[in-house]
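[1] Structure for this input, please:
(chains A and B)
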Amino acid sequence: MSEQEELVRLTGIVKRFGTFTANDRIDLSVRAGTVHAIVGENGAGKSTLMKILAGEERPDEGEIAIAGEPVAFSSPRDAQAAGVGIVHQHFLLAEALRVWENVVLADEPGPGPVLDARAARDRVRSLAADSGFPLDVDQVIRDLGVGARQRVEILKVLYRDARVIILDEPTAVLVPTEAAALFAAMRRFTAAGAAVIFISHKLDEVLDFADEITVIRHGSVVGRTTPAETDAARLAALMVQVAMPAVEPRTTEISPAVALTVEDLTVAEAGEVPALDRVSLAVHGGEILGIAGVEGNGQSELLLALLGRVAATGRVLLGGESIDALTTRQRRERGIAYIPEDRHRDGLVLPLLLRENAALGYQHRAPLRRGVWFSRTAAARRAREIIERFDVRGGSPTTPAASLSGGNQQKFIVGRELGSAPRVLLAAHPTRGVDIGAQAAIWRELVTARDAGLGTLLVSADLDELLALSDRLLVMSRGRIVAELDPRGLDATELGEHMTGARGGEVAA
Amino acid sequence: MTRRVLVTLAGPVVSVVLALLVTTIFLEAGGYSSLSAYSVMWDYGTRPESLVAALNDAVPLYLAGVASAFALRLGLFNIGIDGQYRVAALSGAVLAANLPLPLPIRLPITLLFSCAIGALWALVPALLRIYRGVSEVITSILMNSIATTVVAMLLANVFREGTGQSVGTAIIDEGGRMPALLDLGLGPRSTISGFLVVAIVAGIGFYLVQYRSTFGYTQRVAALSPAAAESAGIRVDRSVLWAMLGSGGLAGLIGLPHILGVAYQYDGTLPTDLMFTGLAAALLGRSHPIGMALGALVLAFVERSSLVLGLVKLPTEVGSLFLAVILISSAVGYYLIENADRRLALLAAVRRLRRAAAGTEAAR
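    Okay, here's the model as predicted:
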């Protein structure tokens, strides 16, 4: 391996935002044909470093060399021209366009302003086939799940002939089988001479799939190692000096009283395959009911239907009382809390202050509403309570939500939703994309609320999370519940097999 | 706090400076002395009666600005304000002339009735937007044309009073007119209209509703993040409806200073195009009630003082040019300031982060 060409060399990279140093003299070397993992806590400076390499940020000091050639990128275009491409954690796709259209966007083949649609489409299709991606290039992005969207993003990079492929937390949104497929694809890219750099919080996959590992903490490199030389515990210690989260076996009882009953819940657009197909389930007080499934199999629709955001048929009872005819606001006022899957889109209003965000979803209730007035003092008090109780760092009631790091934003949302004594919590991916420290804190809060009698419906793509927290597990596939499992004694691989239908006849077609 | 005030004030200042620059170039290129033009304008504009006139002229501009801003807060462009205020002014003129009630009752009823008519005219684009997804810009422009025709028809065939050349509704008697707030005794037309009070009340009401009420909070959330609003139990379609109704209701007041304070009837003298100048006031003032007041005053002052240019053989177009540049530059200024504001906010956030980081370091 040592003979391989060095594709990327970063020397002494420094990046400051005002007086805050995000990257402090970072050196990084990545050779062709290798998978290089970058690990570190949220806010450690990994994403900034990758943005510099991809031409989206300019370093204040330091040098970049691609394949031995010194370069100075002033835009992502320059980086693309030098063969560097990045896939962000939050996808940047045009919802209304097709797969191939998104891939060629801004780099359309054809003479001058004319688009050679056939050539473009064919090229994208052969790229997808070569990468082993089962993608219909004519599908519209709107109709695609998260996994498929990520493949489109990767195709965008490949289409521009990237030799250095950067993936920012690629597996945060994937199930294990999808992640395995992604890593297989990564291997194909490296076999063809490319270098893959990926950021991850999941130490086991880093150990399984990376050739080399760089650990970053507080903007500096604190370790360079290989999977052969280290293990998860040592990596975690380097990253945060916090132990991996573990959940104690429960000592409290599940209440016999049912908190939430769902009967034959169906979500269907006229003439289409139902997104949610006659789902029935019951969540008891003090119980966490986990919903496993490959993303895009009706989990999102289930939570949105329960929240009253999408129209559904069937019956929903909250503590025995029918809430079918109620609006989202009325449902929330009756005690439904919601942790959305996309915190930036649904959970927070990023430009608004934390004070205003603390009131989100509770704005129509005392003490946040006084007569017709919005009480800023009550909202500020609520924000301060959340910040203190849930250890939200880097914010005060009068800072905008956008200034918090991802993990702290998520802690703020969890704190807001748990802070008002709800009866039922609808939680979607509560720890997606947060670091180990924040994950441990969020798990602890969910368990505390459970012990206090809260009924939780937990949707997650993180199987370790489902196994650690759930009292019972349901598996969803194509809008239906296809299996009920006991999480005790189950491991992530077995659960993953249930989800994809690889195991037994439980996954009904 | 200081930063917010500075940023709010910077918008109008940048625009006015830009406008001055462009008009100067225009004048100098035409061989005129810009300095003498400005000094003539300033001398005329700062006469007491000119200032009173400018203050009175600023009132409908301010109302138009507040009406635009009410929809702008939700990101909607209510381009139908022109039609809304013309229909509402006609209705108000007819009601004020025919309602046999004493002034303290007749006046508020007239104001409220005009608001209702303005809101009703805005209801059509609102409903089309919500149920059919039609852009409110397109439908409100069409509603303006409909307003022109409807007003002309009603004026010619239904509400026309008297015969001969003049086309207007019945004259409103003393019991229906807006009383003067203050007479400075400087000769004719030196009274400050009672509509100044209406404008101030509208501005305060706008502030309370948009900045302090639960309703204003839901409008802000719906404007910035519709998905988060829906998750929080805020119905975005309702927000659109109320934004348009509120904007139309405020628009209903725009024509009344002229109807109840100048012409005492609806006739051909009602100023049109108040909406665009009002929109410029809203952009100048960044939709803030105080900023918009400053914007409206500046615009009214320029409009008034440019009247003198004809008398001293200078092109009177200077006034219109100045206003036009203000309109464009307030959009540009708005953009520049918005970015500066964001950069400052980012810097402040970074400074806080650094302090927090320093705190954790120290704790170790």
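
[2] Counting by contacts, list what the helix or strand encompassing A:Gln330 packs against.
    Per DSSP states H and E: A:Gln330 is located in helix A:328-333. Here helix A:328-333 touches helix A:299-307, going by 3 or more CB pairs under 8 Å, 6 or more residues apart in numbering or on different chains; DSSP states H and E. Where you see a C-beta, it was placed from the backbone N, CA and C, and this is true even at glycine.

[3] Outside of the helix it packs on itself, list whatever touches it.
    A:260, A:262, A:265, A:267, A:275-276, A:279, A:291, A:293, A:310-312, A:316, A:328, A:331-332, A:336, A:338, A:341, A:426, A:428, A:457, A:459, A:476, A:479, B:231 (CB atoms under 8 Å, 6 or more residues apart in numbering or on different chains).

[4] what's the answer for stretch B:184-199, then?
    Under CB under 8 Å, 6+ apart, the answer for stretch B:184-199 is B:48-49, B:52-53, B:55-56, B:58-60, B:62-63, B:111, B:178-183, B:253, B:256-257, B:260-261.

[5] Start and end of it, how far apart?
    20 Å (CA to CA, to the nearest Å).

[6] If you count neighbours, what's buried in it?
    For stretch B:184-199, the neighbour count (16 or more other CB atoms under 10 Å in any protein chain shown) marks B:190-196, B:198-199 as buried.

[7] circling back: how about the helix holding A:Gln330, which residues are buried there?
    A:328-329, A:331-332.

[8] Partner strands of the next helix or strand after it, with direction?
    Remark: after helix A:328-333, the chain's next helix or strand is strand A:336-339, criterion DSSP H and E. Take DSSP bridges as the rule and strand A:336-339 pairs in its sheet with strand A:424-428 (parallel).

[9] Would you mind writing the CA trace of whichever helix or strand comes after the partner strand as CSV?
    The element immediately downstream of strand A:424-428 (helix or strand, assigned by DSSP H and E) is helix A:436-451. This file holds the C-alpha atoms of helix A:436-451, laid out as CSV (Å, rounded to 0.1, in the frame of the first residue of the first chain):
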residue,chain,number,x,y,z
ILE,A,436,-21.6,10.2,21.4
GLY,A,437,-21.9,12.7,24.3
ALA,A,438,-25.1,14.2,23.0
GLN,A,439,-26.4,10.7,22.2
ALA,A,440,-25.9,9.5,25.7
ALA,A,441,-27.6,12.6,27.1
ILE,A,442,-30.7,12.1,24.8
TRP,A,443,-31.0,8.4,25.6
ARG,A,444,-30.8,9.2,29.3
GLU,A,445,-33.7,11.7,29.0
LEU,A,446,-35.8,9.3,26.9
VAL,A,447,-35.3,6.6,29.6
THR,A,448,-36.1,9.0,32.4
ALA,A,449,-39.3,10.1,30.7
ARG,A,450,-40.2,6.4,30.1
ASP,A,451,-39.7,5.6,33.8
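
[10] so how far is stretch B:143-152 off the chain centroid?
    21 Å (CA atoms, centre = their mean, to the nearest Å).

[11] Identify each buried residue in it, please.
    Quick answer for stretch B:143-152 (16+ other CB under 10 Å): B:143-144, B:147, B:150-151.

[12] Stretch B:115-131 too?
    By 16+ other CB under 10 Å, the buried positions in stretch B:115-131 come out as B:115-122, B:124-130.

[13] can you give me the helices in the stretch 151-300 of chain B?
    For the stretch 151-300 of chain B, the helices defined by DSSP state H, counting those that start in this stretch occupy B:195-207, B:214-224, B:226-231, B:236-251, B:256-258, B:274-284, B:289-305.

[14] Please determine whether the helix or strand hosting B:Ser15 lies in contact with chain A.
    For B:Ser15, the enclosing helix or strand under DSSP H and E is helix B:2-29. No - figure legend: helix B:2-29 not in contact with chain A (CB under 8 Å from any CB of the partner chain); closest approach 11.4 Å.

[15] and that helix with helix B:289-305, angle?
    Angle of helix B:2-29 versus helix B:289-305, following axes from the mean of the first three to the mean of the last three CA atoms, to 10 degrees, is 20 degrees.

[16] Give me the average confidence score over helix B:2-29.
    What helix B:2-29 shows for mean pLDDT is 78.

[17] Against which helices or strands is it packed?
    helix B:34-45, helix B:274-284, helix B:289-305, helix B:317-363.

[18] Repeat the analysis, applying 6 Å as the threshold.
    helix B:34-45, helix B:289-305, helix B:317-363 (3 or more CB pairs under 6 Å, 6 or more residues apart in numbering or on different chains; DSSP states H and E).

[19] Confidence-wise, which of the ones you listed is weakest overall?
    Here the lowest mean pLDDT among the helices and strands packed on helix B:2-29 goes to helix B:317-363, at a mean of 61.

[20] Can you give me the neighbour number for whichever residue of the stretch 401-509 of chain A sits closest to chain B?
    Chain B sits closest to A:Ser403 of the stretch 401-509 of chain A, with a gap of 3.5 Å, by CB to the nearest CB. Per other CB atoms under 10 Å in any protein chain shown, the neighbour tally for A:Ser403 reads 21.

[21] can you list contacts of the helix holding A:Gln330?
    A:307-309, A:323, A:361, B:233 (CB atoms under 6 Å, 6 or more residues apart in numbering or on different chains).

[22] What helix or strand is A:Leu317 located in?
    Using DSSP H and E, A:Leu317 falls within strand A:313-318.

[23] Flag the helix or strand of chain B with the lowest per-element mean pLDDT.
    Least confident helix or strand, chain B: helix B:317-363 with a mean of 61, by mean pLDDT, DSSP states H and E.
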